[in-house]
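*Asks:* return a 3D structure for these sequence lines:
(one chain, ligands or ions: 1)
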Amino acid sequence: MAAILPSARIGQLRPTAVNSILAEVRQMQAEGKTFVSLMRGEPDFRTPEHIVEAGQKALRDGRTSYPDNRGEPRLREAVAAKLERDNTLGYDPSSEILVTTGATFGFHAALTAVLNPGDEVLLPEPIYDAYHSPVLLAGGVIRPVPAAIENGRFVLHPEAIEAACGPRTRMLLLNTPWNPTGTVFSRAELENVAQLVLRRQLVLLSDEIYEAITYDGHAHRSPASLSAEMRERTILVNSFSKTYAMTGWRAGYCAAPAAITQAMFLVLQQSSRGPATFVQDACTEALTASQNCVQRMREEYAARRSLVLAELNAVTGCRMLAPEGGFFAMADIRALRLASNDVRRALMRDHGVVVAHGSAYGPSGEGTLRVSFATGGDTLRRGLAQLGAGLAALRATE
Ligand SMILES: Cc1ncc(COP(=O)(O)O)c(C=O)c1O
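*Replies:* Reported below is the predicted structural model:
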């Protein structure tokens, strides 16, 4: 019998860097090797107890039937109040907010709702590589916008965005705080981007999933809050995954003007139909209860970040780009004059430590490694020691 063949559309998709590296790790584990991983963006915190309890109570109370497909009304109201409180943004919970199965479904709904076949999406690089496939699935074409390291941080110049624009360019995807670079766009940087978005009449897809994790006085600002015009051109995507250590609950939300929210709703209604009702109750608790748990996690990430910077800046040939937000630190290893993927492989093979190579996130990431401190404690300490030793050894053999 002939096997079922996947569609041509699926042929364009590729696994994310993390998934490819994990496949290598598993193969080497099967050969008896052991690893310390500083690769994944998975917070090692448990979901805060009061959120878990709200989910359990909802289950016991029988909150197990189909949810309101736009999102449970209480949760949409809580999202609207959160956006007002944290982002100075006003959205109507009845028509401008959509609850999604994580930010991942938010991108899918937004891209599917906005793009016509052949429309171009500007994608800064290096960037979180799971954006590519949903753009392609929605019939879009990716236009990369290279970023550059300047004064110890990755920056995106408006000229680079402008140069990547063509007549079919419809959308710009921005992720601030930015995975993997750690850059938090300043107000002036966002103003520049906004000018271009408005002049070119682009749609801004704004992934704000790391908004709660910022350092050294850097603060997240929602691009939509810059002006009424920007609010009209922006689809805001956010999630409970990172802020509340709820990756496995699969819950997020979008905010956008009513007409586009309605279009995204149609996509959602014909596919996922949103997170489970009791999960949405737990999310309502996350947004409406005290935010002290978020502050505690932020403080712990800040301590881990300091450790990462201190340990790896001490390694000759490695300069850390101090992250302004998120829980990834980029190690600038251009001084080694080796391909980042080769460095990653050598670190895995010879030093038992797993990180992601910068080039996996785009050619501008070449010469860097992404080091995650989403996991702390002994794993982070051992990982940093092995990483430092590995980089020193690679430098010695140069
Ligand atoms: C920038 C960025 N956006 C979105 C996601 C996925 O979000 P969610 O778990 O809400 O689908 C991740 C996960 O690593 C991420 O790094």
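*Asks:* from the ligand, how far out is the nearest residue to residue 95 once chain neighbours are set aside?
*Replies:* The spatially closest residue to residue 95, leaving aside those adjacent along the chain, is residue 258, at 4.1 Å (CB to CB, 6 or more residues apart in numbering). Quick note: C-beta positions are derived from backbone N, CA and C, even for glycine. For residue 258, the distance to the ligand equals 23 Å [CB to the nearest ligand atom, to the nearest Å].
*Asks:* what does residue 374 give?
*Replies:* Residue 374 sits 9 Å away from the ligand when distances are taken as CB to the nearest ligand atom.
*Asks:* these two touch, right, that residue and residue 45?
*Replies:* No: the pair residue 374 / residue 45 is not scored as a contact, 9.1 Å apart, by CB atoms under 8 Å.
*Asks:* who's more crowded, those two?
*Replies:* Between residue 374 and residue 45, counted using other CB atoms under 10 Å, the more crowded position is residue 374 (22 against 17).
*Asks:* surely that one is within a strand?
*Replies:* No: per DSSP: H, G, I helix; E, B strand; the rest coil, residue 374 lies outside any strand segment and is coil.
*Asks:* which non-adjacent residue is nearest it?
*Replies:* Of all residues not flanking residue 374 in the chain, residue 327 sits nearest, at 4.6 Å (CB to CB, 6+ apart).
*Asks:* for the one you found, give me phi and psi.
*Replies:* Main-chain torsions, residue 327, degrees, to the nearest 10: phi -130, psi 40.
*Asks:* so what pLDDT did it get?
*Replies:* Residue 327 is assigned a predicted lDDT (pLDDT) of 97.
*Asks:* pretty sure it is touching residue 372, no?
*Replies:* Yes: using CB under 8 Å, residue 327 is in contact with residue 372, at 6.3 Å.
*Asks:* what are the ranges of the strands in the stretch 1-150 of the chain?
*Replies:* Taking DSSP state E, counting those that start in this stretch as the test, the strands found in the stretch 1-150 of the chain are 36-37, 97-100, 120-125, 141-146, 148-150.
*Asks:* near the ligand, anything from the second one?
*Replies:* No: under the criterion of CB under 6 Å from any ligand atom, strand 97-100 makes no contact with the ligand; the nearest approach is 8.2 Å.
*Asks:* between the strands of the stretch 1-150 of the chain, which gets nearest to residue 51?
*Replies:* Comparison of the strands of the stretch 1-150 of the chain against residue 51 by CB to CB identifies strand 97-100 as nearest, at 15.5 Å.
*Asks:* so what strands line up beside the closest one?
*Replies:* Strand 97-100 sits in its sheet next to strand 252-255 (antiparallel), going by DSSP bridges.
*Asks:* quick one: the one helix or strand in the chain whose mean pLDDT sits lowest to chain centroid distance?
*Replies:* Among the helical and strand segments of the chain, the one scoring lowest on mean pLDDT, DSSP states H and E is helix 8-11, with a mean of 89. Mean-position distance between helix 8-11 and its chain equals 25 Å (CA atoms, centre = their mean, to the nearest Å).
*Asks:* and the contacts of that helix?
*Replies:* 136-137 (CB atoms under 8 Å, 6 or more residues apart in numbering).
*Asks:* so which bits of the stretch 51-200 of the chain are right by the ligand?
*Replies:* Within the stretch 51-200 of the chain, the residues that sit near the ligand (CB under 6 Å from any ligand atom) are 102-104, 128, 175, 179.
*Asks:* I'd like the mean pLDDT over the top helix by length along the chain, please.
*Replies:* Longest helix in the chain by number of residues, with DSSP state H as the criterion: helix 292-313. Here helix 292-313 scores 98 as its mean pLDDT.
*Asks:* packing partners for that helix?
*Replies:* Here helix 292-313 touches strand 319-321, strand 328-332, helix 377-396, going by 3 or more CB pairs under 8 Å, 6 or more residues apart in numbering; DSSP states H and E.
*Asks:* next, the angle helix 292-313 makes with the last one.
*Replies:* Comparing the axes of helix 377-396 and helix 292-313 via axes from the mean of the first three to the mean of the last three CA atoms, to 10 degrees yields an angle of 30 degrees.
*Asks:* report the buried residues of helix 377-396.
*Replies:* 380, 383-384, 386-391, 394-395 (16 or more other CB atoms under 10 Å).
*Asks:* run through who's touching that helix.
*Replies:* 36-38, 44, 304, 307-308, 311-312, 314-318, 331, 333, 335-336, 338, 343, 346-347, 350-353, 355, 371, 373.
*Asks:* in PyMOL, select just the buried ones from the residues you listed.
*Replies:* Those of the contacts of helix 377-396 that count as buried under 16+ other CB under 10 Å are selected in PyMOL with:
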select buried, resi 36+37+38+304+308+311+312+315+317+318+331+333+336+338+343+346+347+351+352+353+355+371+373
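*Asks:* please report the confidence value the model assigns to residue 398.
*Replies:* Residue 398 is assigned 65 on the pLDDT scale.
*Asks:* re earlier: and the strands of the stretch 1-150 of the chain as CSV, adding mean pLDDT?
*Replies:* Below are the strands of the stretch 1-150 of the chain laid out as CSV (pLDDT from 0 to 100):
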stretch, mean pLDDT
strand 36-37, 96
strand 97-100, 98
strand 120-125, 98
strand 141-146, 98
strand 148-150, 97
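*Asks:* return the most buried member of these.
*Replies:* Greatest average neighbour count among those goes to strand 97-100 (a mean of 26), per mean count of other CB atoms under 10 Å.
*Asks:* just the helices in the stretch 151-300 of the chain please.
*Replies:* With DSSP state H, counting those that start in this stretch as the criterion, the stretch 151-300 of the chain has helices at 158-164, 187-200, 228-233, 258-269, 277-288, 292-313.
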